[in-house]
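J.: Please find the sequence and the predicted model below.
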Amino acid sequence: MNHDFDPFTATVQESAPAPTTADYRALDAAHHLHPFSDMGALNRAGSRVIVKADGVYLWDSDGNRIIDGMAGLWCVNVGYGRQELAQAAYRQLRELPYYNTFFKTTHPPVIALSARLAALTPAPFKHFFYCNSGSEGNDTALRIVYRYWAAQGKASKKYVIARKNGYHGSTIAGATLGGMDSMHEQMPSKVEHIVHIDQPYFFGEAPAQLSPEAFGLERARQLEAKILELGPDNVAAFVAEPFQGAGGVIFPPSTYWPEIERICRRYDVLLVADEVIGGFGRTGKWFSHQHFGFEPDLLTLAKGLTSGYVPMGAVAVHERVAAPIVENGEFNHGHTYSGHPVAAAVAVANLTLLRDEGIVERVEHDTGPYFQSSLREAFGHHPRIGEVAGAGLVAGIQLAQSPRERTRFANGSDIALACRDRAFNGNLIMRASGDRLILSPPLVVSHAEIDEIVDKAKHAIDATLRQFGLL
Ligand SMILES: *Cc1c(COP(=O)(O)O)cnc(C)c1O
């Protein structure tokens, strides 16, 4: 420990002695509770201190350069170090750092952002409500759904159906909507009227004789069965990620979404697409529901909206839902920072980069196909990899005891965590979810950087499988 180090002056005075990695770790362990972490274990091992970033690379406090195969947490779509975003924030901080939009006021950044989002989302989405995160976005989506049904005179429509192993954030409503048992276990009570159906996870859950297409239909029809069980007059909405992100980058069979859409329309159930990961180019389309070809009623947005430079979330509302809400009196919902001017200015700058630099088109036609084919070349015939799922710049790599029989390892999540840790030690950020490894790099990644990610991922996975005696 550097005893001259004063944690307060070190952050405000350039002349103060630079903190060492040990200084940082000691203070972090003493005072900082990390999200989704076992703090005892983390404090004993010590956190890695990330001090700067540029493009697709991060640097730690020991000077190691790390390639970010996850775009932070699926959010840094335009990559790190974009001056345009920094300048937009700085200009807005000087001009109008904050004002609210509750009481008959508005401001230029939130107006510009709303108009920009109306132009970028599919035509029926013309209204946007702002919040600070994906979790709040899903809370907001529920509030809008209930408001809509009340305006229709159908207040009995209260139930919301979501999916096991879905992820919708970590507020109480977000965590209830999510189908993560580990989160539910730590909540003594959940939001009422939220129920779950099974996920369309073909590799992990389909019976041996079923085709992906038949399985996709079967899983979609669980929605119909659940609606009929609850009574269509009691069901307000179905909430799902177009592809599951945190659940393992699970892409549903092609039959799934058309059938879900048919069922929602038939029983007059609103369809909420949680686009927090899929939005803003991840799959090579602006929004991932466009990749699957269906039309939701609400979109939850966050992450790529600002490329993570500042926090912001939003809900896009289809005109058929927005119109009755606009004409139905006060909507009693909002956040102090709804439409925050600095966040809105950064979002506008971010969307401008995504559009003007053709970043989304490049994901669709160039880097996305290159990333997918590189991963399939590396893992497509691998004796312990069951599938590579994904599109554009997002992928899930399934560990398997036997790829052909689709049998999984009993300790698959331990193996995946060991793969992740080995990749991290080799300066690649790759995530593990159950027995799948996940990649989701910044959308500005180059071919050479994709090569580096795939090489490092393959090396980490193979070395780990050898360590477990499986290769
Ligand atoms: C990350 C995520 C959320 C939650 O967003 P936060 O900003 O962490 O609250 C919600 N839905 C999906 C699909 C996500 O990936």
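T.: Here it is on my side, so go on.

J.: beta partners for Val195?
T.: When assigned by DSSP bridges, Val195 has beta-bridge partners Ile161.

J.: Please apply the same query to Ala395.
T.: So, taking DSSP bridges as the rule, Ala395 has Gly390, Leu439 as bridge partners.

J.: ok, now how distant is the one residue sitting closest to the centre of the chain from the ligand?
T.: The geometric centre of the chain, computed from its C-alpha atoms, lies nearest to Ile277 (CA atoms, centre = their mean), at 3.1 Å. Going from Ile277 to the ligand by CB to the nearest ligand atom, to the nearest Å gives 4 Å. Where you see a C-beta, it was placed from the backbone N, CA and C, and this is true even at glycine.

J.: Is that residue in a helix, a strand, or coil?
T.: Per DSSP: H, G, I helix; E, B strand; the rest coil, the secondary structure class of Ile277 is coil.

J.: pLDDT value on it, please?
T.: Reading off the confidence values, Ile277 has pLDDT 98.

J.: who touches it in this structure?
T.: Trp74, Glu241, Phe243, Gly245, Ser288, Lys303, Gly304, Val394, Ser440 (CB atoms under 8 Å, 6 or more residues apart in numbering).

J.: Please name the nearest non-neighbouring residue to the closest residue to the ligand within the stretch 251-400 of the chain.
T.: The minimum distance from the stretch 251-400 of the chain to the ligand, using CB to the nearest ligand atom, falls at Val276 (3.6 Å). The shortest distance from Val276 to any residue other than its chain neighbours is 3.7 Å, reached at Gly134 (CB to CB, 6 or more residues apart in numbering).

J.: What are the contacting residues of stretch 156-165?
T.: By CB under 8 Å, 6+ apart, the residues outside stretch 156-165 that reach it are 142, 145-146, 149, 168, 177-180, 193-199, 201, 223, 226-227, 230, 233-240, 244, 247-248, 250, 269.

J.: List the buried residues of it.
T.: Under the neighbour-count criterion of 16 or more other CB atoms under 10 Å, stretch 156-165 has Lys157, Lys158, Tyr159, Val160, Ile161, Ala162, Arg163, Lys164, Asn165 buried.

J.: Number of residues surrounding Thr306?
T.: For Thr306, the tally of surrounding residues (other CB atoms under 10 Å) stands at 30.

J.: what does Gly248 give?
T.: Taking other CB under 10 Å as the definition, Gly248 ends up with a neighbour count of 27.

J.: From Leu470, how far off is it?
T.: Distance, Gly248 to Leu470, using CB to CB, to the nearest Å: 20 Å.

J.: and the closest residue to Ser288 other than its chain neighbours, backbone torsions?
T.: When the adjacent residues along the chain are set aside, Ser288 lies closest to Gly278, with 2.7 Å between them (CB to CB, 6+ apart). Per-residue torsions, Gly278: phi -70, psi -20 (degrees, to the nearest 10).

J.: on that earlier part again, does the residue nearest to Val276 really touch Tyr167, like I thought?
T.: No - in terms of CB atoms under 8 Å, Gly134 does not count as a neighbour of Tyr167; the distance is 9.0 Å.

J.: neighbour-wise, which of those two wins?
T.: Gly134 (31 against 25).

J.: For the closest residue to Ala273 other than its chain neighbours, list the residues it contacts.
T.: Using CB to CB, 6+ apart and skipping the chain neighbours, the partner closest in space to Ala273 is Pro296 (3.8 Å). With contact set as CB under 8 Å, 6+ apart, Pro296 has these partners: Leu271, Val272, Ala273, His289, His318.

J.: Out of these, give me the one that has the most neighbours.
T.: Neighbours were tallied for each of the contacts of Pro296 (criterion: other CB under 10 Å), and the maximum of 29 neighbours falls on Val272.

J.: Could you measure from it over to Ala316?
T.: Separation of Val272 from Ala316 (CB to CB) stands at 10 Å.

J.: next one: His289
T.: 11 Å.

J.: Overlap in contacts, those two.
T.: Residues touching both His289 and Ala316 (CB under 8 Å, 6+ apart): Leu299.

J.: Do you have the strands of the stretch 51-200 of the chain handy? List them.
T.: Under the criterion DSSP state E, counting those that start in this stretch, strands of the stretch 51-200 of the chain are mapped to 57-60, 65-68, 125-131, 159-163, 194-197.

J.: The last one packs against which elements?
T.: Using 3 or more CB pairs under 8 Å, 6 or more residues apart in numbering; DSSP states H and E as the contact definition, the elements that strand 194-197 packs against are strand 159-163, helix 172-177, helix 212-230.

J.: buried residues in the second one?
T.: Right, the one you point to is helix 172-177. Applying a neighbour-count criterion of 16+ other CB under 10 Å, the buried positions in helix 172-177 are Ala173, Gly174, Ala175, Thr176, Leu177.

J.: mind listing what the fourth one touches?
T.: With contacts taken as CB under 8 Å, 6+ apart, Thr176 has the following neighbours: His184, Met187, Lys190, Val191, Ile194.

J.: Weed out the non-buried ones from the residues you listed.
T.: Listed as buried from the contacts of Thr176 are Val191, Ile194; burial here means 16+ other CB under 10 Å.

J.: Same list (the contacts of Thr176) but as CSV, adding distance to Pro383 and pLDDT.
T.: What follows is the contacts of Thr176, written out as CSV (distance: CB to CB, whole Å; pLDDT from 0 to 100):
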residue, distance to Pro383, pLDDT
His184, 36, 96
Met187, 40, 96
Lys190, 42, 96
Val191, 44, 97
Ile194, 41, 98
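
J.: and the ligand, which of the contacts of Thr176 contact it?
T.: Contacts with the ligand are made by none of these, judged by CB under 6 Å from any ligand atom.

J.: Cys264 versus Ala349, what's the distance?
T.: Using CB to CB, one gets 35 Å for the distance from Ala349 to Cys264.

J.: domain assignment for this protein?
T.: Domain assignment of the chain by automatic domain parsing yields the ranges 48-81+358-467, 83-356.

J.: any chance of those domains in CSV, plus distance to Ala30?
T.: Formatted as CSV, these follow (distance: least, CB to CB, whole Å):
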stretch, distance to Ala30
domain 48-81+358-467, 14
domain 83-356, 24
